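Novice: Next input, structure requested:
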Amino acid sequence: MPRRWTLLALMLTVVLALPFLLVDVPPVLDYPNHLARFYVLAHPDDPVLSQMYAPNWRILPNLGMDLIGVALLRFTDVHLGGRLLLALSLFAPLAGVVAYHRAVFGRWSPWPLAAGVIAYNGAFLLGFMNFQLSLGVALGCAAGWVMLRRRDGWLPAIAWGAIAAAVAFLCHIFGLVFFALLVGAGEADRLWRLRRSPRFVREVVVVAGALTITLGPAMLLYALCPLGDGGLQLGAWVGPHKLWRIMTPFVTTSGGLTVITAIAVMALLILVRRQLVVAPGIPLALAVLFVGFVAAPWKALGGTFIDMRLAAMGGLLLFAGLQPVVSGRTAVLAGTFLAALMLVRTADIASAWIDHRGDLAELRAAIAQVPPGARVIAAHGGDSPVPSRRERTLPGFRDVDSHLAALLVIERRAFWPLMFAHPSQQPIVIRPAFLRFAASSWTEPAAWRWLQPDTLPDDVLPLARYLANWRSDFDAVLLLDPPAPEQPVAGLTPLYRGSYVQLFRTEQGGRGSTAAQAPAPNTADERVAAQEDDVEDGRITSRSVDPFKGAPGPRQH
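Specialist: Here you go, the predicted structure:
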């Protein structure tokens, strides 16, 4: 490995890692929700959380980060370990790009390092952690296939491929798809070159058999997992939105910088098109991904943003499967420009993450009053689905603060109904006593306006049945981004009022049938002690005291 290349790789790693030092909970959409699940799985004997959630390990195509996370969070601080896991989801695709490029071109080139320009992309910023990990695994496994096929022939490649396909599947179903596409496209390219050879038919049969055996174990795992139990569950085709979603590899917290990055990378590839060497099968793989992107609905098999994920794969292949053969002044200018662009993008991310620290501080001040075992609804007050402040939004996509309330689980050991705990997708289940308080498949915060009428709108109940009796079932409501002007909701007593976060106690929250039989504790310590006594006695679901009774009046921030 050349020293210059190693130095460039180290510099790239340091620059991309810097934002993780600026905030302990980065504003990445799904990340807090995933971290809450990792935390619960890593602490299965917690006296409060174990009353609400239980591990449910089984064969699932979504386990990579969960397995690593459980092992890591057992001996690290939750937010240190969480950032290490999030960083892994950032660097795994880059490592895969480097490995695949090295395998197909046989040299250490600076070009795959240029993928650092798209390290912070739409898929990462939406928090698709298992998906990101699976892309790196798929590229690395495909690199191993290429090297073994070239050097040792079919049998070692098939043995490697069978294990690799199973591992990619367990990380994420799209990891298996990406691995199969890379291997299949490479073999199809070789067959195309042999189309006039007398060995063509025999080679087609051999390749078909080899790929069937290679993918067989993964297909067996798929048959044993519950992913397809509910059918395809296809969502709508969102044609007009695809004009922006194809930008997924280049997306950052600035819409303008997103467009500039896309234009810059594509313009550079066009300018050096005569000096481009393309790896076998890459044109076919890119064509398949593009057709799939255009045709894909936004949702299938319980997964969302299907077209975005295909676009993210295509973006990685621009660096993994292409090699610009340029030297001298052209190479220096191109490298300098891409390095500057990467620095600007990383600085933009860092700036947004620094701004996010104010939101985190306000959230923590609010939830500090939530005792262990309390049941808390998360609501969002903005009428627009995209807040204006950039640390709270991904331009052209959506807000990224919808799952911040997961800190209730991690830091307060409270019940929050929106944790990712679907039996066919995550290795965790909600205890039966709490099922009626939990969301099913809809994991978005309740809109503040839903809580204002006496009864929920008819179109809301199918999505959020846990809200049907929210005043009696929940102890508190945590409101993010409160609407302006103020829109009060009957039956809520303010406990904390901030510009971004507000906490309300429900009038009937937590009052079980034995509420009148026990004196209410007066101090915060007594309230927490009473709550934990209930947990130890197995009475958390019909607590004998209101956990917020005697709480101080609203705090202003």
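
Novice: going forward, measure contacts between C-alpha atoms and count neighbours the same way
Specialist: Will do.

Novice: in what helix or strand does Ala162 lie?
Specialist: Secondary structure from DSSP states H and E places Ala162 in helix 154-171.

Novice: Now do the same contact list for the nearest residue to Gly321 once chain neighbours are set aside.
Specialist: Leaving aside its sequence neighbours, Gly321 sits nearest to Ala279 (C-alpha to C-alpha, 6 or more residues apart in numbering; 5.1 Å). Neighbouring residues of Ala279 by C-alpha atoms under 8 Å, 6 or more residues apart in numbering: 104-105, 321-322.

Novice: tell me the pLDDT at Ala279?
Specialist: According to the prediction, Ala279 has pLDDT 95.

Novice: got it, and Val460?
Specialist: For Val460, the pLDDT comes out at 80.

Novice: is it true that it lies in a helix?
Specialist: No - according to DSSP: H, G, I helix; E, B strand; the rest coil, Val460 belongs to no helix; its state is coil.

Novice: so how many other residues sit close to it?
Specialist: 14 (other C-alpha atoms under 10 Å).

Novice: measure the closest residue in space to it that isn't next to it in sequence to Trp470 for me?
Specialist: Counting by C-alpha to C-alpha, 6+ apart, Val460 lies nearest to Trp450, which is 7.9 Å off, once chain neighbours are set aside. Plainly put, Trp450 is 11 Å away from Trp470 if you go by C-alpha to C-alpha, to the nearest Å.

Novice: Which residue of the two possesses the greater neighbour count?
Specialist: The residue with more neighbours, out of Trp450 and Trp470, is Trp470; 20 against 16, by other C-alpha under 10 Å.

Novice: do you know how far the more buried one is from Val477?
Specialist: Trp470 sits 9 Å away from Val477, going by C-alpha to C-alpha.

Novice: for the stretch 101-250 of the chain, which spans come out with low pLDDT?
Specialist: 228-233 (pLDDT under 70).

Novice: and if we set it to 80?
Specialist: 227-236 (pLDDT under 80).

Novice: Just the helices from it, written as ranges.
Specialist: Along the stretch 101-250 of the chain, the segments classed as helices by DSSP state H, counting those that start in this stretch run 122-125, 129-151, 154-171, 173-193, 200-224, 242-245.

Novice: any idea how far the residue nearest to Tyr31 when sequence neighbours are not counted lies from Asp45?
Specialist: Distances taken as C-alpha to C-alpha, 6+ apart place Gly127 nearest to Tyr31, at 5.1 Å, with adjacent residues excluded. Per C-alpha to C-alpha, Gly127 is found 27 Å from Asp45.

Novice: Specify which residue of those two has the higher count of neighbours.
Specialist: Neighbours per residue (other C-alpha under 10 Å) separate Gly127 from Asp45, with Gly127 holding more: 22 against 12.

Novice: of all the helices of the stretch 101-250 of the chain, which lies closest to Ser402?
Specialist: Minimum separation from Ser402 across the helices of the stretch 101-250 of the chain (C-alpha to C-alpha) falls at helix 122-125, 12.8 Å.

Novice: Other residues contacting the closest one?
Specialist: 27-29, 89-90, 132, 248-252, 308-309, 312, 394.

Novice: same check, this time on stretch 242-255
Specialist: 117-118, 120-123, 125, 257-259, 261-262, 293-294, 307-308, 311-312, 315-316, 345, 348-349, 352, 390-391, 393-396.

Novice: I'd guess Gly373 is in a strand, am I close?
Specialist: No - the assignment for Gly373, made by three-state DSSP, is coil rather than a strand.

Novice: quick one, what contacts Tyr500?
Specialist: Counting by C-alpha under 8 Å, 6+ apart, Tyr500 touches 359, 362, 480-482.

Novice: Swap in 7 Å and give it another go.
Specialist: Contacts for Tyr500 (C-alpha atoms under 7 Å, 6 or more residues apart in numbering) come out as 359, 480-482.

Novice: top of the residues you listed by neighbour count?
Specialist: Leu480 (26 neighbours).

Novice: Now that one. Its backbone dihedrals?
Specialist: For Leu480, the backbone dihedrals are phi -100, psi 140 (criterion: degrees, to the nearest 10).

Novice: Just want to check the distance between it and Met313.
Specialist: Computed as C-alpha to C-alpha, the Leu480 to Met313 distance reads 33 Å.

Novice: Okay, strands next: where are they in this structure?
Specialist: 53-55, 276-278, 299-300, 303-304, 322-324, 376-380, 393-394, 398-399, 428-430, 446-447, 476-480, 492-497, 501-506, 555-556 (DSSP state E).

Novice: If anything else comes up later, I'll come back, but that's it for now.
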